[in-house]
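> here is a sequence with its predicted model. Questions after.
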Amino acid sequence: MTILLEPLIQTPPPGPNARALVERDRKVTSPSYIKEYPLVVERGEGPWIYDVDGNRFLDFMAGIATASTGHAHPKVVFAIHEAADKFLHICGTDFYYESFAALCERLAGYVPAMGPKKVFLTNSGTEAIEGALKLVRAHTRRPYVIAFKGAFHGRTYGAISLNSSKVGHRAFFGPLLPGVMHVPYPTANTSDVAAILEADWFKSHVDPREVAAIFIEPILGEGGYVVPPVSALEGLRELCDVHGILLVFDEIQTGVGRTGSMFAAEHFGVMPDVFCAAKGLGSGMPIGAIVAREKVMTWPRGSHGSTFGGNPVCCAAALATLDVIEPLLPEVLETGEYMRSKLRVLQPSHPVLADVRGVGLMIGAEFRIPKTREPATEYVAALEQLAFQKGLLLLSCGVSTIRFAPPLIIGHHEVDVGLRVLEECLIELDGRFDVAPARAAR
């Protein structure tokens, strides 16, 4: 019998145990950590997080879309234990083991329309992006790459050179990687990016014969959970084919079932030459991958490697994760549509909720001040904090968007509970920020 849980706040967070640990942390950890709110985790189970003071939270952010199977999924935990009992590490760059080959086989089998593929396993998404940058330049012998405004690809040097979502990711770290150009991300207003590149950039800024690759998130993540028109991705594919440019999909947040397809490329029907995966691949264990067409992954022996990439325990977690998620994909699509429909029901009563968008369980709710249509940045910041106080874990993205990236195992009950808490927050904040709809005169 399934027990239907709800958030439980026994001690207003942060409680005494949480405050003590936060203080210990602050004394010794880097000030660069963000720490969105004082959540101090004791354990997790499914879509629920328990803090050190006994509070229970419904998790709608899943460690930024990493806890794809929920917290401590028994099949994933069993696979980790079984692998750890055998051996913890032996460096997949230099030696062989079964789980490494098995995971590469699984990943190479997805997005079959790409044709034969080869896989390089990494520790993280940003490491996958760094490797992909090396790969596309090595394969094409071209120096330039194109990325998009609003993009987020990670925190290391090549990745932040591709980033264009928040200046804080790049400030005072320059000079950054040369040869990176940023163009507008495709939206309904700027859908034909390929035409813009052809008519402007390739005539005034860079010869397309020098462009190695175009890096794009098939759904903009940190930049606001923006879903591009399919025609825009199709146009980029055609443009790359004409000029011999490689198309790279950053599927670090969109991949591993998040969109209801194993990878967003399958959802949109547009095939990249390379895609990068991570986040939900290991249900929270650190693992990522570069997956490229066989004819593209041509770098020679010893030109790229990783000490910990494809660690055997992480490979076991990834294989178990894929086993759990593959049969869930239809449910992810259905639950995502259910969540979007429920969010849209809130819009007439809360006009500050300006837009609801997304695919599968990658959903963005954008907030704008009704009178001015300006981004409701302070409102969103307050919403994130208030939801935490009421037992709902949310994170923002973009300028004024709340992202909903819950574990892929949630069902209607969790959606209903989470959106009930969300509505309680909206009612309270609408009055505080004076954005409630005007009452009709009697």
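Cool, the structure landed. Everything numeric here is computed off the predicted structure, so don't read it as measured data.
> can you pull out the strands in the stretch 251-400 of the chain?
274-277, 288-293, 353-359, 362-367, 392-393, 395-397 (DSSP state E, counting those that start in this stretch).
> how distant is the third one from the center of its chain?
Right, the one you point to is strand 353-359. Centre-to-centre, strand 353-359 and its host chain are 16 Å apart (CA atoms, centre = their mean, to the nearest Å).
> if we can go back for a sec, give me whichever of the strands of the stretch 251-400 of the chain is most buried.
strand 274-277 (a mean of 28; mean count of other CB atoms under 10 Å). Every residue, glycine included, has its C-beta placed from N, CA and C.
> can you list the strands that it pairs with?
Sheet pairing for strand 274-277, assigned by DSSP bridges, gives strand 246-250 (parallel), strand 288-293 (antiparallel).
> nearest to A159, of these?
The closest of these to A159 is strand 246-250. By CB to CB, the value is 9.4 Å.
> name the residues that touch the closest one?
Here strand 246-250 makes contact (CB atoms under 8 Å, 6 or more residues apart in numbering) with 125, 129, 132, 136, 139-140, 151, 153, 212-218, 236-237, 240, 263-265, 272-276, 296.
> about what we covered before: quick check: which of the strands paired with strand 274-277 is nearest to L346?
So among the strands paired with strand 274-277, strand 246-250 is nearest, using CB to CB, at 30.7 Å.
> for R301, the count of nearby residues, please.
6 (other CB atoms under 10 Å).
> how about it, phi and psi?
phi -50, psi 130 (degrees, to the nearest 10).
> re earlier: JSON lines for the strands of the stretch 251-400 of the chain, including mean pLDDT?
Output for those, formatted as JSON lines (pLDDT from 0 to 100):
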{"stretch": "strand 274-277", "mean pLDDT": "98"}
{"stretch": "strand 288-293", "mean pLDDT": "98"}
{"stretch": "strand 353-359", "mean pLDDT": "97"}
{"stretch": "strand 362-367", "mean pLDDT": "98"}
{"stretch": "strand 392-393", "mean pLDDT": "98"}
{"stretch": "strand 395-397", "mean pLDDT": "97"}
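> for L88, find the nearest of the ones you listed.
strand 288-293 (18.8 Å).
> list the contacts of that closest one.
By CB under 8 Å, 6+ apart, strand 288-293 touches 103-104, 107-108, 110-111, 114-125, 127-128, 131-132, 135, 252, 273-279, 281, 297, 309.
> now do stretch 99-114
Contacts for stretch 99-114 (CB under 8 Å, 6+ apart): 83, 92, 116-119, 121, 262-263, 265-266, 271-273, 275, 277, 289, 291, 293, 310, 312, 315-316, 318-319, 322.
> now, of those, which are buried?
By neighbour count, with 16 or more other CB atoms under 10 Å, the contacts of stretch 99-114 hold 83, 92, 117-119, 121, 262-263, 265-266, 271-273, 275, 277, 289, 291, 293, 310, 312, 315-316, 318-319, 322 as buried.
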